[in-house]
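Participant: from the sequence below, what's the structure:
(one chain, ligands or ions: 1)
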Amino acid sequence: MLRLARYLKHYKKEVILGPFFKLLEAIFELIVPLVMASIIDTGIRGGDRVYVLQRGGILLLLGTSGLIFALICQYSASKASQGFGTMVRNDLFSHINSLSHGELDGFGTNFLITVITNDVNQMQLAVAMLIRLVVRAPFLVVGAIIMAMLLDLKLSIVFLVVAPLVSFILYWVMKKSVPFYKVRQKVLDRISMITRENLTGARVIRAFSTQDKEEKRFEDTNEEAAQIAIRVGKLSAILNPATFTIMNMAIIAIIWFGGIQVDTGHLTQGEVIAFVNYMTQISLALVVVANLVVIFTKAGASATRINQVFDTKPHMQEGKVTIEDLEQEKGDGISQKPIISLREIYFAYPDSEEYALENITFDVMPGETIGIIGGTGSGKSTLVNLLPRLYDATKGELLINGLDIKEYSYDTLRRQFGIAPQKTVLFSGSIRDNLRMAKEDATDEEIRRAIRISQSEEFVETLSKGYDSEISQGGKNLSGGQRQRLTIARALIRNPKILILDDSASALDYSTEAKLRKALYTECGGMTIIMVSQRAGSIRHADKIIVMDDGKIAGIGTHNQLIKSCEVYREICHSQPGMEEVTEA
Ligand SMILES: Nc1ncnc2c1ncn2[C@@H]1O[C@H](COP(=O)(O)OP(=O)(O)OP(=O)(O)O)[C@@H](O)[C@H]1O
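Facilitator: Here you go, the predicted model:
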């Protein structure tokens, strides 16, 4: 937790002034019982109305000043805690963005969402409490005991007995309940995961009629969280009655022994009332201390999780070669070299023992169209994900334009690609906004061109607002094929050197897909196109087809070459309708 205190450096003034003013308020609070005692002993006993009014005025002044001090403290606490939370959240967000897919896979989306929302909120609350109460509450306890000792040493023995007793009860309850808070956080993570899965997968769940099962899963986890909360609640429930029983007994003792002292003339009635006030202040302050322990325990668990994210350093190091460096190299004959070269690439996902890709070697020349085909799980997506460096190969060398991809800055490397991923991702906003995500300053002409090539024209033009039509989150108001075409348009908008279509035409009917291929061929001359597909018909005209089988290359060549030489390819073609007649080429 202390490590995150570095963010408070920017709020030094608030961190010092807040507790300082809260301390002043506490001092004033400690003076109040003394003034009350003097009102009783002098004003009321002597029937001195002026004295009572004067002292009453002092009480009012103490109260008003206390209120102003409390407001200043509250303002400082809010400013520092909100600022702290905003900075931690921003830094977490950019740190998460710097992590590779491997590290993100390791954490999981739910964990990261909980960290950036719930855990940062918890820390934010702890910072506010640190400023408002951490100094005040213990000060009130110690201050009230000292004030009581100054009034009467003998009677203050009651305080010296009571304070450790109440502290022990608090310690016992905290010790028992703190482990539950940690478990509860994990269960809350699970609730968040189930909620997310159910909301994003609502259609699938309904289609398979598994709502009851999902509801049961949610209820069970919810019940688990509730049971933990009830157990903690039962423990906490002991706290208040136990504390107040001891306190009330102490007050009885004060009144009992104080009464005797009053009779013998050692104490005044006012002083006994002051003792009772101090006892009440102590009990309230101790309950605040108990709550602080709970808040800081939760914050401690949150800080561990936040630091766990910060401590995960991106294992991929960004290179230094920039667009400008590439511009200078133009004309050095680089374009004659393969635009993509893979040399004995091996790749295993983090935490996986097996290679998802093994011994992958091939070259792609500029302007070539490459088809990648293979069964499900054969490694096609994994292979194309290595090209823009979403993951680093475990072994081997991957060159783009003759340069190791690790040499490029991420921006320079990724700007060379237009990618339409297998899973379509669109964002809330207009169609134009979604396309401009890939190129901020895309002109209307560029947008029109991308829409035309991706075969989106026919449905975009039927929309009443055309390019300004709103897409809901995830593109839910579009069909699967429409979403795919828009992601292809987004990949095309930059007019990239290398276009990767990762099974991104799978939802298109054969005729639209054929039109898309034709448009890519006629309008994107010079562009290197890598087309992943399960359909042999989609890639059969490619300059080169790479056949993947269980993470390895089973064959490379043209359709005609592979039909003759590659058993896996032949089997794929045989199994697909419409391809039987071309398998004998
Ligand atoms: N993020 C991941 N973490 C761990 N393993 C993964 C991950 N993504 C894919 N894999 C594994 O890597 C292997 C190759 O998966 P990949 O997605 O590349 O196959 P694919 O050929 O694209 O399949 P499909 O045609 O079904 O999309 C599979 O065994 C898969 O289980």
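Participant: what residues does the stretch 51-200 of the chain have near the ligand?
Facilitator: residue 105 (Cβ under 6 Å from any ligand atom). (Each C-beta comes from the backbone N, C-alpha and C, glycine too.)
Participant: the residue of the stretch 1-150 of the chain found nearest the ligand and residue 349, how far apart?
Facilitator: Nearest residue of the stretch 1-150 of the chain to the ligand (Cβ to the nearest ligand atom) works out as residue 105 at 4.8 Å. Here residue 105 is placed at a distance of 7 Å from residue 349 (Cβ to Cβ, to the nearest Å).
Participant: over to residue 168?
Facilitator: Going from residue 168 to residue 349 by Cβ to Cβ gives 52 Å.
Participant: quick one on the thing from earlier: higher neighbour count, residue 105 and residue 349?
Facilitator: Taking neighbours as other Cβ atoms under 10 Å, residue 105 and residue 349 compare with residue 349 leading, 17 against 14.
Participant: just for the stretch 401-550 of the chain, where's the confidence low?
Facilitator: Counting by pLDDT under 70, the stretch 401-550 of the chain contains no low-confidence range.
Participant: name the residues that touch stretch 136-148?
Facilitator: For stretch 136-148, contacts defined as Cβ atoms under 8 Å, 6 or more residues apart in numbering pick out 19, 22-23, 25-27, 29-30, 33-34, 155-156, 159-160, 163, 274-275, 278-279, 281-282, 284-286, 288-289, 292.
Participant: narrow these to those in strands?
Facilitator: Within the contacts of stretch 136-148, no residue falls in strands by DSSP state E.
Participant: of those, grab the buried ones for ChimeraX.
Facilitator: The following ChimeraX line selects those of the contacts of stretch 136-148 that are buried, judged by 16 or more other Cβ atoms under 10 Å:
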select :19,22,23,25,26,29,30,33,34,155,156,159,163,274,275,278,279,281,282,284,285,286,288,289,292
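Participant: secondary structure class for residue 537?
Facilitator: Three-state assignment for residue 537 (DSSP: H, G, I helix; E, B strand; the rest coil): helix.
Participant: surely it and residue 510 touch.
Facilitator: Yes. Applying Cβ atoms under 8 Å as the test, residue 537 and residue 510 come out as touching, 7.2 Å apart.
Participant: between those two, who's got more neighbours?
Facilitator: residue 537 (17 against 12).
Participant: residue 354: neighbouring residues, count only.
Facilitator: 9.
Participant: residues in contact with the closest residue to the residue of the stretch 1-150 of the chain closest to the ligand other than its chain neighbours?
Facilitator: Distances taken as Cβ to Cβ, 6 or more residues apart in numbering put residue 350 closest to residue 105, at 6.5 Å, once the chain neighbours are dropped. Contact partners of residue 350, counting by Cβ under 8 Å, 6+ apart, are 102, 103, 105, 106.
Participant: among those residues, which ones are buried?
Facilitator: 102, 103.
Participant: of the contacts of residue 350, closest to residue 462?
Facilitator: Of all the contacts of residue 350, residue 105 has the smallest distance to residue 462: 39.2 Å, by Cβ to Cβ.
Participant: how about that closest one, phi and psi?
Facilitator: Backbone torsions of residue 105, given as degrees, to the nearest 10, read phi -60, psi -40.
Participant: with residue 341 instead?
Facilitator: Dihedral angles for residue 341 - degrees, to the nearest 10 - are phi -130, psi 130.
Participant: that one reaches residue 365, doesn't it?
Facilitator: No. Taking contacts as Cβ under 8 Å, residue 341 lies outside contact range of residue 365: 10.0 Å.
Participant: who has more neighbours out of these two?
Facilitator: More crowded of residue 341 and residue 365, by other Cβ under 10 Å: residue 341, with 19 against 15.
Participant: if you skip the residues just before and after it, what's nearest to that one?
Facilitator: Take residue 341 and drop its neighbours on the chain: the residue closest to it by Cβ to Cβ, 6+ apart is residue 399, 4.1 Å away.
Participant: for that neighbour, give me its contacts.
Facilitator: 338, 340, 341, 342, 343, 405.
Participant: tell me the secondary structure for it?
Facilitator: Assigned by three-state DSSP, the conformation of residue 399 is strand.
Participant: low-confidence stretches in this protein?
Facilitator: By pLDDT under 70, the low-scoring segments of the chain are 1, 327-336, 578-585.
Participant: which SS state does residue 548 fall under?
Facilitator: On the three-state scheme (three-state DSSP), residue 548 is labelled strand.
Participant: count of neighbours near it?
Facilitator: Neighbour number of residue 548 under other Cβ under 10 Å is 24.
Participant: likewise residue 473?
Facilitator: So residue 473, with other Cβ under 10 Å, has 10 neighbours.
Participant: in space, what's closest to it - neighbours in sequence excluded?
Facilitator: Leaving aside its sequence neighbours, residue 473 sits nearest to residue 428 (Cβ to Cβ, 6+ apart; 4.4 Å).
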